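Student: need a 3D model of the sequence below.
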Amino acid sequence: MYDRQTESLWLQIKREAVTGPLTGTRLKKLPSTITTWKKWRKRYPDTEVLSPDTGYIRDYENDPYANYYKSKTGLFSFLKPGPGASEKALVVGLEIKGETSAYLLDQVRVVGDIYDTVGGRNISISFDAETDTVAVRGVNGVTYDHMITYWMVWKGIYPETKLFEPDSKQ
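Tutor: So this is what the prediction gives:
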């Protein structure tokens, strides 16, 4: 992400500027989810959607990235994920006190609650199927920031990350 106004380059995964006059400045995390339109509308029935009548010639009925999403490899395949998952597997990435861990989103969805220790903190990762949201909490209810992204991206930024294996720690 590039900020033309300040000529700063932002590393989204770390939520900070890495070059330019804002180097080291952190971004505020905004909540997000990966969900279906049906579930979104159920939870937020008053949501308004922009009209496809934008004045530009573009087919908004077709996703221009559909083939990319279906592909098992990244756009350039220069970020290699390491063992345990395909490049584009979605993971829940977590960093606590300098230690990182990643959890396959598909596993989190199926297993329910996953328990682990990261950065010396005992955590649980849970998935709410009704809202398609992931929560990461400590034993005393403290919530921890996390990010859902491709494994190749997380591993590219945090190469020391191990992919969680539920059989070994559950």
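
Student: going forward, measure contacts and count neighbours with C-alpha atoms only.
Tutor: Fine.

Student: could you pull out the helices for this protein?
Tutor: Along the chain, counting by DSSP state H, helices occupy 37-43, 66-70, 105-111, 151-157, 166-169.

Student: okay, the ones you listed in a markdown table with distance to residue 5, mean neighbour count and mean pLDDT next?
Tutor: Output for those, formatted as a markdown table (distance: least, Cα to Cα, whole Å; neighbours: other Cα atoms under 10 Å; pLDDT from 0 to 100):
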| stretch | distance to residue 5 | mean neighbour count | mean pLDDT |
| --- | --- | --- | --- |
| helix 37-43 | 34 | 12 | 89 |
| helix 66-70 | 31 | 10 | 76 |
| helix 105-111 | 36 | 15 | 92 |
| helix 151-157 | 25 | 22 | 88 |
| helix 166-169 | 45 | 9 | 61 |
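
Student: so which of these gets nearest residue 20?
Tutor: With Cα to Cα, the closest approach to residue 20 among those belongs to helix 151-157: 19.2 Å.

Student: which helices and strands sit right next to the closest one?
Tutor: strand 90-96 (3 or more Cα pairs under 8 Å, 6 or more residues apart in numbering; DSSP states H and E).

Student: show residues contacting the strand it packs on.
Tutor: 100-106, 118-119, 121, 144-151, 154 (Cα atoms under 8 Å, 6 or more residues apart in numbering).

Student: now distance to residue 136 too, for the helices of the chain, in a markdown table please.
Tutor: Output for the helices of the chain, formatted as a markdown table (distance: least, Cα to Cα, whole Å):
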| stretch | distance to residue 136 |
| --- | --- |
| helix 37-43 | 21 |
| helix 66-70 | 26 |
| helix 105-111 | 11 |
| helix 151-157 | 17 |
| helix 166-169 | 16 |
